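**Q** need a structure here:
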Amino acid sequence: MSASQKSSGSDGNAQAPIIVKLGSAVARTSDGLLDEAHLNAVVEQIARLTAQGQPTVLVSSGAVALGLAEAPPSVQDERNPVQRRQLLAAMGQTRLMAFYQKAFGAHGRQVAQVLATRDDFATRRHYLNMRGCLVSALKHGVVPVVNENDVVSVTELMFTDNDELAALLASMLGATRLIMLTNVEGVFDGHPDSPDSRLIERWEGQSFQPKQGQEPSEFGRGGIASKVRSAQRLARLGTEAWIAHGRRPAVISDICAGGGHGTVFPAAPRPASQPRRWLAAAPAGSAQVVVNDGAAQALRAPDRLASLLPVGISELAGHFERGDIVTIVDTSRRPIGYGRAEYSSETAAQRLGKQRQKPLIHYDYLYIEP
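**A** Sure, this is the predicted structure:
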């Protein structure tokens with residue numbers, strides 16, 4: 001998919017953005033300092049794309065690593081890991097944004113800092129508010145620089161990693177492409193250092209088990225397995241995803257020009273609607289809806305759009321209200337997908353197994369896992 005294509009998820013006739021995600025292993029040097037020379041090259045590529053009319057969002061790690069490099073020695077003795085991370089992020093984030101402000105400013109571009117937690121994706125209102133801010137920034141040629149808000153994030157509000165955050169933003173904005181820059185060339189079919197391993201240039205649904213050497217970096221939480229999961233889900237929603245080496249010269253420019261080196265996850269031919277993109281991003285509550293085999297088969301059918309009717313529900317587990325996101329599972333409790341409930345669990349219990357009832361989950365607000 002060309003970066004010049006329009007996306008059905010974008011606003012009006014505005015060109016859909018691309019998302020560039022920069023991992024900690026690419027953003028810093030071996031001694032934990034910001035790799036300014038390399039990041040300036042990344043900034044130059046993004047500034048050039050923006051000048052050519054291609055809106056671009058940068059998701060950048062590096063705040064915690066920067067904070068650690070600048071923190072007083074006593075921080076190393078902090079026993080509370082959450083508070084330690086919060087402090088390091090608070091210290092490092094100011095330095096990270098100061099660098100990007102100066103670097104993009106050298107190319108005549110302004111930046112906007114956007115810090116997010118998983119809670120910002122939990123409700124439709126929060127989701128649309130953040131989306132509106134990002135769309136406005138892109139409309140005016142401002143480059144949003146996004147990072148997880150580690151200062152307020154605790155375990156239940158944390159993203160798996162910035163790969164997940166980048167994929168959620170790409171879904172939110174109807175991006176044509178997500179480029180995840182890391183410290184390997186892409187996804188390999190074996191250990192990356194083995195001479196027998198081959199780079200998987202085009203992902204066609206291969207099975208994947210991470211090998212040694214594909215685990216998270218010192219300051220990261222993801223690794224290749226996380227990137228593959230994020231790329232698979234995003235491609236299914238209609239956005240092309242790439243995993244590529246962040247230190248390869250002109251890596252972003254080459255990919256956007258239709259070439260590039262790495263692993264590409266081709267986008268599904270039919271982009272998902274905005275409500276489904278939100279559902280793919282919104283964290284589900286603890287409530288589960290258990291469906292019978294017939295309903296499970298209908299929901300999973302690739303050639304039809306099916307709502308979840310009470311007649312197909314065999315059991316309800318947990319409480320939910322109208323508008324809550326619930327998890328749909330089969331009789332073996334294997335997740336099928338997620339959906340927004342049209343009415344409460346009390347009303348659903350009264351209609352359980354009955355025909356000619358209003359759908360509990362309309363297909364417009366239903367997301368089925370691949």
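
**Q** now do the buried residues in stretch 289-304.
**A** V289, V290, V291, N292, A295, A296, A298, L299 (16 or more other Cβ atoms under 10 Å). Any C-beta I mention is one placed from the backbone N, CA and C, and that applies to glycine too.

**Q** my error: substitute stretch 361-370 in the last question.
**A** Neighbour count says stretch 361-370 has I361, H362, Y363, Y365, L366, Y367, I368 buried, by 16+ other Cβ under 10 Å.

**Q** can you add secondary structure and give those back as CSV?
**A** Output for the buried residues of stretch 361-370, formatted as CSV (DSSP: H, G, I helix; E, B strand; the rest coil):
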residue, secondary structure
I361, strand
H362, coil
Y363, helix
Y365, helix
L366, strand
Y367, strand
I368, strand
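
**Q** make a markdown table out of these and add pLDDT and distance to E44.
**A** Shown next, in a markdown table, are those (pLDDT from 0 to 100; distance: Cβ to Cβ, whole Å):
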| residue | pLDDT | distance to E44 |
| --- | --- | --- |
| I361 | 96 | 46 |
| H362 | 93 | 46 |
| Y363 | 89 | 45 |
| Y365 | 88 | 42 |
| L366 | 90 | 43 |
| Y367 | 86 | 37 |
| I368 | 86 | 41 |
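
**Q** next, give me the two most distant ones among those residues.
**A** Maximum pairwise distance in the buried residues of stretch 361-370, criterion Cβ to Cβ, is 13.4 Å, between H362 and I368.

**Q** tell me who's in contact with Q232.
**A** Q232 makes contact with W203, F265, P370 under the criterion Cβ atoms under 8 Å, 6 or more residues apart in numbering.

**Q** how much space separates the last one from A272?
**A** To A272, P370 is 12 Å away according to Cβ to Cβ, to the nearest Å.

**Q** over to W242?
**A** 19 Å.

**Q** tell me what the worst-scoring helix or strand of the chain on mean pLDDT is packed against?
**A** Least confident helix or strand of the chain, by mean pLDDT, DSSP states H and E, is helix 274-281 with a mean of 75. Contact here means 3 or more Cβ pairs under 8 Å, 6 or more residues apart in numbering; DSSP states H and E; on that basis helix 274-281 packs against helix 124-139, helix 162-173, helix 224-237, strand 335-340, strand 366-368.

**Q** what does stretch 126-145 contact?
**A** In contact with stretch 126-145 (Cβ under 8 Å, 6+ apart) are residues 11, 14, 17, 46-47, 50, 55-60, 96-97, 100, 104, 109-114, 116, 119-121, 169, 172-173, 278, 281-282.

**Q** buried residues in that stretch, which are they?
**A** Y127, M130, R131, L134, V135, A137, L138, V142, V143, P144, V145.

**Q** widest-spaced pair of these?
**A** Y127 and V143, at 21.3 Å, using Cβ to Cβ across the buried residues of stretch 126-145.

**Q** quick one on the thing from earlier: for the least confident helix or strand of the chain, which outside residues touch it?
**A** Helix 274-281 has contacts (Cβ under 8 Å, 6+ apart) with 9, 121, 124, 127, 168, 171-172, 174, 233, 237, 272, 325, 338-340, 364-367.

**Q** shaky segments in the stretch 201-350 of the chain?
**A** Across the stretch 201-350 of the chain, the ranges flagged by pLDDT under 70 are 206-222, 281-284.

**Q** could I get the full set of strands for it?
**A** Assigned by DSSP state E, counting those that start in this stretch, the stretch 201-350 of the chain shows strands spanning 240-245, 263-265, 288-291, 313-317, 325-329, 335-340.
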